[in-house]
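> return atomic coordinates for the entry below.
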Amino acid sequence: MHYNMTKKKLIRVFLILVFTFSTLLFRSAGTVSAAAFTTFSLRPSRMQTSQLDVNFLVKASPVTTATEDGVRIVFATGYAVDSTPANITVTTTGIASWDSACANAWPGIGSAATGVSGQTVDFASSDLTVSTVYCFIITAGIDNPGSVGNYAITLSTRASAADVDTGTMSLPIVDDDTVAITASITSFVRCDVTTTTGGDNAVALGTLTYGSVTSSSDDIQISGGTNATEGMVWFYRSDTPNNGLYSTGQTHLLDGASAEDTISATTADCTATDPCFGIYYNGTSSAGSGTFVSDTNFTGGSVTTSVGPLTTEIYGESIANSNSLPASQITADYNINATAAENSPVASDYAETLIFTCKADL
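Numbers count the residues shown, from 1 in each chain. Purely as a prediction, here's the structure:
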């Protein structure tokens with residue numbers, strides 16, 4: 001009798017062990033551990049403490065074949081997670097601007113979370129393709145921690161309430177993620193002068209004859225710009241006491257005008273009131289911004305025979321302005337007009353040098 005009881009106990013223990021082992025084996029065979037993403041990142045729009053509604057770019061590529069139906073993100077303690085799912089909004093607009101690898105919008109992500117529990121946020125998802133990179137952006141509902149440190153965030157794809165693939169990233173929270181930059185701009189004016197052909201700042205008028213007025217084909221071009229609130233003004237003057245084309249060999253002057261005038265092809269004797277030399281705005285100008293305005297003493301007449309006043313005074317003669325406003329990349333062309341009077345002596349050394357300057361008013 002004692003032998004039979006012992007045998008029954010042994011059989012009972014053996015059966016219990018077999019049952020337990022089989023149960024554990026079955027459970028082990030039926031449990032699949034979540035795989036780690038090989039491509040995974042979380043990019044926040046701000047790293048500074050206590051920033052509200054921080055955006056997060058979520059990027060991941062599935063590694064496990066499954067029929068995904070959800071995404072779960074668990075934010076470390078410290079992040080303030082809105083308790084209302086509708087307030088945790090998402091988008092897939094502009095994902096490639098955040099990361100060029102984000103060519104595929106996360107399918108089925110929707111426009112907001114589907115559930116929130118403490119630090120855990122759930123989103124919808126459609127089935128994902130293995131090795132394809134998917135992205136979406138959390139646009140509101142998550143606030144940064146109030147203390148400096150590193151905080152872990154875990155992302156998991158889900159299928160039937162079970163994790164499929166997962167990844168964890170520790171993100172920094174700093175006291176200040178900004179750099180304040182200041183600058184100032186001082187008042188500025190620029191001006192220059194050149195010639196329209198060759199840009200050599202030299203013009204050969206050729207042979208002047210009584211009975212005709214020569215007008216340059218290689219013209220004077222002034223340019224400039226300013227940031228001054230009242231704009232800029234251009235000036236010019238003769239660089240010698242001789243106000244016009246002067247022959248040193250003959251000590252003779254083809255006079256510039258004392259006021260706006262017209263050169264006569266049949267001038268008997270060159271004077272300041274019967275001029276034989278000068279410049280005149282020919283109507284060609286351009287501006288990147290602002291407006292070019294030629295002085296009225298250099299407009300309104302014939303561009304090939306009229307001349308504006310010329311002076312030898314060091315302050316010069318005003319020839320143009322920027323319409324009392326800031327301007328940029330202004331250019332304007334002026335013809336050079338000249339003739340020989342009936343009594344102008346023969347010489348090959350008639351010459352004049354004009355000096356151009358500018359000013360700006362604040």
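
> give me phi/psi at the spatially closest residue to Ala124 that is not a sequence neighbour?
Of all residues not flanking Ala124 in the chain, Gly110 sits nearest, at 4.8 Å (C-beta to C-beta, 6 or more residues apart in numbering). Where you see a C-beta, it was placed from the backbone N, CA and C, and this is true even at glycine. Backbone torsions of Gly110, given as degrees, to the nearest 10, read phi 80, psi -160.

> and if you look at Asn87?
The phi/psi pair for Asn87 (degrees, to the nearest 10) reads phi -80, psi -10.

> counting neighbours, what do you get for it?
By other C-beta atoms under 10 Å, the residues close to Asn87 number 15.

> next one: the one 3 residues further on
Other residues within reach of Val90 by the criterion other C-beta under 10 Å amount to 23.

> ok, now which ones touch Gly308?
Counting by C-beta atoms under 8 Å, 6 or more residues apart in numbering, Gly308 touches Ala257, Glu260, Gly278, Ile279, Tyr280, Tyr281, Asp295, Asn297, Phe298, Glu317, Ile319.

> nope, Ala202 is what I meant
By C-beta under 8 Å, 6+ apart, the contact set of Ala202 is Thr195.

> what about Ser212, distance to Asp333?
22 Å (C-beta to C-beta, to the nearest Å).

> these two - which one has more neighbours?
Asp333 (19 against 11).

> so what's the more buried one bridging to?
Going by DSSP bridges, Asp333 is paired in beta bridges with Gln221.

> still on that earlier bit, which ones among the contacts of Gly308 map onto strands?
Using DSSP state E, Gly278, Ile279, Tyr280, Tyr281, Glu317, Ile319 are the members of the contacts of Gly308 that sit in strands.

> mind putting these into JSON lines with distance to Ala327?
Listed next are the ones in strands among the contacts of Gly308 as JSON lines, based on distance: C-beta to C-beta, whole Å:
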{"residue": "Gly278", "distance to Ala327": "26"}
{"residue": "Ile279", "distance to Ala327": "21"}
{"residue": "Tyr280", "distance to Ala327": "22"}
{"residue": "Tyr281", "distance to Ala327": "16"}
{"residue": "Glu317", "distance to Ala327": "21"}
{"residue": "Ile319", "distance to Ala327": "15"}
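
> just name the closest of the residues you listed to Pro309, please.
The shortest gap between Pro309 and any of those belongs to Glu317, at 5.5 Å (C-beta to C-beta).

> go ahead and confirm that closest one touches Pro309.
Yes: between Glu317 and Pro309 there is a contact under C-beta atoms under 8 Å: 5.5 Å.

> overlap in contacts, the two.
By C-beta under 8 Å, 6+ apart, the residues touching both Glu317 and Pro309 are Asn297.

> from Phe277, how far out is the spatially most central residue of the chain?
The centre of the chain sits closest to Ser97, judged by C-alpha atoms, centre = their mean, with a distance of 16.2 Å. Taking C-beta to C-beta as the measure, Ser97 falls 63 Å from Phe277.

> same check on Asp175?
For Asp175 relative to Phe277 (C-beta to C-beta), the value is 73 Å.

> so those two - more neighbours on which side?
Ranked by neighbour count (other C-beta under 10 Å), Asp175 and Phe277 place Phe277 first, with 27 against 9.

> tell me which residues touch the more buried one, please.
By C-beta under 8 Å, 6+ apart, Phe277 lies in contact with Gly244, Leu245, Leu254, Asp255, Gly256, Ile263, Cys270, Val307, Leu310, Asn337, Ala338, Glu352.

> domains in this protein, by residue range?
Domain assignment for the chain, taken from automatic domain parsing, gives 35-173, 189-360.

> reformat the ones you listed as a markdown table; add distance to Ala183.
Formatted as a markdown table, the domains of the chain follow (distance: least, C-beta to C-beta, whole Å):
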| stretch | distance to Ala183 |
| --- | --- |
| domain 35-173 | 23 |
| domain 189-360 | 14 |
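
> now these in TSV, with distance to Thr182 and mean pLDDT?
TSV is the format used below for these (distance: least, C-beta to C-beta, whole Å; pLDDT from 0 to 100):
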stretch	distance to Thr182	mean pLDDT
domain 35-173	20	98
domain 189-360	18	98
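
> pretty sure Val58 contacts Phe37?
No: Val58 sits out of contact with Phe37 when judged by C-beta under 8 Å, with a separation of 11.0 Å.

> now for the two: what residues contact both?
Both Val58 and Phe37 are contacted by Leu155, under the criterion C-beta under 8 Å, 6+ apart.

> the more surrounded of the two?
Val58 (24 against 21).

> quick one: contacts for the more buried one?
Counting by C-beta under 8 Å, 6+ apart, the residues that Val58 touches are Leu42, Val71, Ile73, Trp106, Cys135, Phe136, Ile137, Ile138, Leu155.

> where exactly do the strands run in the stretch 1-150 of the chain?
Using DSSP state E, counting those that start in this stretch, the strands found in the stretch 1-150 of the chain span residues 35-36, 39-44, 56-61, 70-75, 80-81, 90-91, 115-117, 120-124, 134-138, 142-143, 149-159.

> mind checking the ones you listed for the one nearest to Ser302?
Ser302 lies closest, by C-beta to C-beta, to one member of these: strand 90-91, at 66.4 Å.
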